[in-house]
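# could you work out the structure for the sequence below:
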Amino acid sequence: MTEAAAESGAGTARRRFIAPPREQVDAACFQHPLFGEFAAWHALMTADDWPDIETLNACMSLPGRCFVAQDAALLEDGEHYEIRIQQGRIATRLQNWHDLFNAMVWARYPAIKHAFNAQQCRHIAVTGPTVRNRAQQALTQFDETGVIVRVRDIALVDAWDTHDWSTLFQAHAARWRNGDIAVAGVIGHALMEQMLVPGRLLVGKCLVVQGDDDSACIARVAEAIMAGEVLAAPAELRPLPLAGVPGWHPQQDADFYAQADYFRPLREGRVYPRPLR
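Okay, the predicted model is just below:
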């Protein structure tokens, strides 16, 4: 059983994930629903060669911002990564899966990435560039491993509140399929990077919104982040074993859902916030 480093959270001692070389990645992995909202950039993921900075900027126009190569010359300015973004420069490592996926998330969900940056810069202005408070940890966790889940009926999160995974995924399977509950958006580029390795069982860290429209729910999350309504601490984020989502894993029988090392029980005292409205 291999679980995404996403579940460990920031500041742990788990070994850093190293993505496979481009030539070793099976392009079939990009057909997974995790990549569903990023089809416009399928060629950037599957081409034989890595895209350069000029290609990224041509494919992903971001008003007021552009991607710049993170090289020794750039780093000489000594600026914090987030401060450069505030200035309009998104430092991007070349030939790097993590940063390619980060660029794709910028292009797909610019309002959320802008909100991340605005909040990080606000905290840096107070605590300085070397201290990270709980809110910054939460922002980073959602940036790296975040998933937005939309629910029509708020009662659907009751099973999630107690980590009753069999009810959430099996008993409510039809409701996942008809859109009563759905993954509205994948924000975490670290999740995308980990999906490059077959067999990894990933855990997203979620914000939940009650609503009917995916785009409106994503916009609500961006608004809430910008306003500081959410992500004051990592404990606000709900873990979601993504392989349990109906249709997201080839084996979803009773034995699969019985794996307690992946579908983990609720920790004593853990309480999640109610969905955004």
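# pLDDT weak spots in the chain?
1-14 (pLDDT under 70).
# what about the strands in it?
66-69, 89-92, 146-151, 181-186, 203-210, 238-241 (DSSP state E).
# contact partners for residue 65?
For residue 65, the contacting residues are 85, 88-90, 106, by C-beta atoms under 8 Å, 6 or more residues apart in numbering. (Each C-beta comes from the backbone N, C-alpha and C, glycine too.)
# now, of these, which are buried?
Buried residues within the contacts of residue 65, counting neighbours by 16 or more other C-beta atoms under 10 Å: 85, 89-90, 106.
# re the thing from before, of all the contacts of residue 65, which comes closest to residue 125?
Closest approach between the contacts of residue 65 and residue 125, by C-beta to C-beta: residue 85, at 14.1 Å.
# about what we covered before: in a markdown table, list the contacts of residue 65 along with distance to residue 168.
Listed next are the contacts of residue 65 as a markdown table, based on distance: C-beta to C-beta, whole Å:
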| residue | distance to residue 168 |
| --- | --- |
| 85 | 36 |
| 88 | 42 |
| 89 | 42 |
| 90 | 36 |
| 106 | 31 |
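# got the phi and psi for the nearest residue to residue 162 once chain neighbours are set aside?
Sequence neighbours aside, residue 266 is the residue nearest to residue 162 in space, at 5.7 Å (criterion: C-beta to C-beta, 6 or more residues apart in numbering). The phi/psi pair for residue 266 (degrees, to the nearest 10) reads phi -70, psi 130.
# adjust the sequence numbering to begin at 836 for everything that follows.
Understood, numbering begins at 836; the last thing we discussed is residue 1101.
# export only the CA atoms of stretch 977-992, formatted as CSV.
Extracted in CSV, the C-alpha atoms of stretch 977-992 (Å, rounded to 0.1, in the frame of the first residue of the first chain):
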residue,chain,number,x,y,z
PHE,A,977,-4.4,23.0,-0.2
ASP,A,978,-2.2,24.4,-3.0
GLU,A,979,-0.3,21.1,-3.2
THR,A,980,-3.0,18.6,-2.5
GLY,A,981,-6.3,20.5,-2.6
VAL,A,982,-9.6,19.2,-4.0
ILE,A,983,-12.9,21.1,-4.2
VAL,A,984,-15.9,18.9,-3.6
ARG,A,985,-19.4,20.1,-4.4
VAL,A,986,-22.5,18.8,-2.7
ARG,A,987,-26.2,19.5,-3.5
ASP,A,988,-27.5,18.1,-0.3
ILE,A,989,-25.4,19.0,2.8
ALA,A,990,-26.5,15.8,4.5
LEU,A,991,-24.2,13.9,2.1
VAL,A,992,-21.2,15.0,4.2
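# mind listing what's buried in it?
Within stretch 977-992, the residues that count as buried by 16+ other C-beta under 10 Å are 977-986, 991-992.
# perfect, I'm done here.
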